[in-house]
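> for reference, the sequence and a predicted model appear below.
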Amino acid sequence: MHQTRSKHILHIIPSFAHGGVPIRICYLINHFGNRARHSLIAMDGRYDCRTRLRQDVEFNVPSLPHRAKGSLPLKILAYRDMLKRLQPDLLLTYNWGAMDWALANSCFNLCPQYHLESGFGPEEARQTLFKRDLYRRLALRRIKGIVVPSFTLVEICRTRWHIPDAKIHHIPNGVDCDKYGAAPADNIIPGLNREKQDIVIGTMTPLRPEKNLPRLIRCFHTLRQKHPRLPLRLVILGEGGERARLEQLIAQLGLKTAVLLPGHIDTPAQALGWFDIYAISSDTEQMPNAVNQAMAAGLPVAGLAVGDVLPMVSDANKPFIAPRDDEDSFTHALEALALNQKIRHKVGAANQIHVRQTYDQSVMYKAYAEIWGLDLE
């Protein structure tokens with residue numbers, strides 16, 4: 001028996017600006033279509049990712065009352081009142097920025113709830129904060145379950161947040177392998193006029209501190225100094241608050257003609273194919289969507305072993321994932337791939353096979369259908 005449009009899901013997320021979690025939410029909403037209707041509240045008031053939603057899905061943005069900006073007790077009461085008014089069939093809270101909503105629902109037990117945790121900000125890049133762990137234990141004590149994409153987060157749920165094993169759902173991020181494996185579109189990346197001989201190192205990420213893009217720029221600079229005749233380019237797709245800092249560093253290192261910051265692109269599947277190497281320089285990750293997308297595009301990945309980055313990639317790619325915080329090894333990984341086209345193609349082909357066998361989106365959709373309480377069709 002199929003679900004009707006009466007299934008109401010309320011999403012509470014720190015931000016609905018372009019990024020891995022909002023994009024995944026859009027994929028899921030679009031995939032399930034009219035089997036549910038959705039309300040979504042972004043705590044920072046940003047809804048940029050709304051442009052990715054299909055026009056025919058039922059989606060609305062409730063307004064927060066003024067007192068939701070007050071003290072914690074006032075917030076909890078305001079969230080309680082909103083939950084009573086909206087009467088969702090299911091509440092989905094995302095990451096630390098939605099934890100006050102989780103606490104409100106925990107205190108008043110108003111609706112079934114799952115919490116979805118995808119990673120941490122720079123303040124918890126090394127380990128979670130004890131005070132926040134205590135708050136999470138209180139706020140998440142009545143949830144139906146918690147959804148996490150990485151094995152690292154599974155262990156954190158068990159040991160630091162005291163979530164029972166039966167409530168922990170490990171759902172790896174999935175990718176549309178056919179879409180990301182297609183040929184790139186012409187002129188899709190503003191300002192990238194690549195020559196045939198160019199070697200393009202690229203990344204796709206919000207410009208946030210924990211992504212440590214200055215590390216990538218410094219390593220790229222070192223590589224160019226070491227190999228001045230190598231036609232290297234660096235493209236950083238994405239937008240965010242770190243742009244000015246990155247632009248300043250690029251200017252200081254004399255890289256204005258070699259490094260491109262084109263901003264956000266709505267159709268990354270049409271852009272990744274212009275890269276020769278995908279790079280990820282983050283201080284903290286769990287299971288980054290972009291790594292799956294890069295593998296589906298047939299790219300080798302150079303990165304650091306944070307979260308599940310190392311176990312995510314194919315065996316052929318593992319030697320190019322440097323130890324955490326090891327900038328020299330990260331540079332060497334980029335260098336080894338930049339200098340050898342045959343290795344790039346071999347590793348990229350292995351990644352493409354691996355991601356299709358392990359992380360195809362169909363598996364993710366099936367798992368989320370169970371969480372959302374929807375028929376698969």
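Happy to help now that I have it.

> drop to CA atoms for contacts and neighbour counts, all remaining ones
Will do.

> quick one: end-to-end distance for stretch 135-149.
The separation between the terminal residues of stretch 135-149, taken as CA to CA, to the nearest Å, is 21 Å.

> identify all contacting residues around it.
Identification of contacts with stretch 135-149 by CA atoms under 8 Å, 6 or more residues apart in numbering yields 99-100, 102-107, 109, 112-118, 154, 161-163, 166-173, 286-287.

> so of the residues you listed, which ones are in helices?
In helices, judged by DSSP state H, the following of those are found: 99, 100, 102, 103, 104, 105, 106, 107, 154.

> so which of those is the most crowded?
Highest neighbour count within those, by other CA atoms under 10 Å: residue 102, with 28 neighbours.

> what sits against the nearest residue to residue 282 once chain neighbours are set aside?
The shortest distance from residue 282 to any residue other than its chain neighbours is 4.0 Å, reached at residue 211 (CA to CA, 6 or more residues apart in numbering). Applying CA under 8 Å, 6+ apart, we find residue 211 in contact with 205, 280, 281, 282, 283, 284.

> burial measure for the closest residue to residue 319 other than its chain neighbours, as a count.
Closest residue to residue 319 in three dimensions, ignoring its sequence neighbours and counting by CA to CA, 6+ apart: residue 333, at 7.8 Å. Residue 333 is surrounded by 20 other residues when neighbours are defined as other CA under 10 Å.

> same thing with residue 326?
Residue 326 has 11 nearby residues by other CA under 10 Å.

> per-residue confidence at it?
Predicted confidence (pLDDT) for residue 326: 96.

> repeat that for residue 374.
In the predicted model, residue 374 carries a pLDDT score of 92.

> now residue 289
If you check residue 289, the pLDDT there is 89.

> what do you get for residue 127?
The per-residue pLDDT reported for residue 127 equals 89.

> may I have the secondary structure class of residue 262?
Under DSSP: H, G, I helix; E, B strand; the rest coil, the three-state class of residue 262 is strand.

> my guess is it meets residue 189, correct?
Yes - proximity of residue 262 to residue 189 meets the contact threshold set by CA atoms under 8 Å, at 6.7 Å.

> ok, now which ones touch the residue located most distally from the centre of the chain?
Taking CA atoms, centre = their mean as the measure, the residue most remote from the mean C-alpha position of the chain is residue 229, 34.9 Å away. Residues near residue 229 by CA under 8 Å, 6+ apart: none.

> and it, backbone torsions?
For residue 229, the backbone dihedrals are phi -90, psi -10 (criterion: degrees, to the nearest 10).

> what about residue 335, distance to residue 231?
As judged by CA to CA, residue 335 and residue 231 stand 12 Å apart.

> out of the two, which sits in the more crowded spot?
When residue 335 and residue 231 are compared for neighbours, residue 335 comes out ahead with 20 against 16, by other CA under 10 Å.

> and the nearest residue in space to the more buried one that is not next to it in sequence, backbone torsions?
Nearest residue to residue 335, sequence neighbours excluded (CA to CA, 6+ apart): residue 223, at 6.6 Å. As for residue 223, its main-chain torsions (degrees, to the nearest 10) stand at phi -60, psi -40.

> residue 223 against residue 331, yeah?
Yes - counting by CA under 8 Å, residue 223 does reach residue 331; the two are 6.9 Å apart.

> more neighbours: which of these two?
Looking at residue 223 and residue 331 with other CA under 10 Å, you find the greater number of neighbours at residue 331, namely 22 against 18.

> in the stretch 1-150 of the chain, which spans are helices?
20-32, 72-86, 99-108, 130-139 (DSSP state H, counting those that start in this stretch).

> residues in contact with the second one: which ones?
To tie it back to what came earlier, the one meant is helix 72-86. With contacts defined as CA under 8 Å, 6+ apart, helix 72-86 is touched by 65, 67, 68, 69, 100, 101, 103, 104, 105, 108, 110, 111.

> so residue 163 touches residue 157, yeah?
Yes - with contact defined as CA under 8 Å, residue 163 counts as touching residue 157 (5.5 Å).
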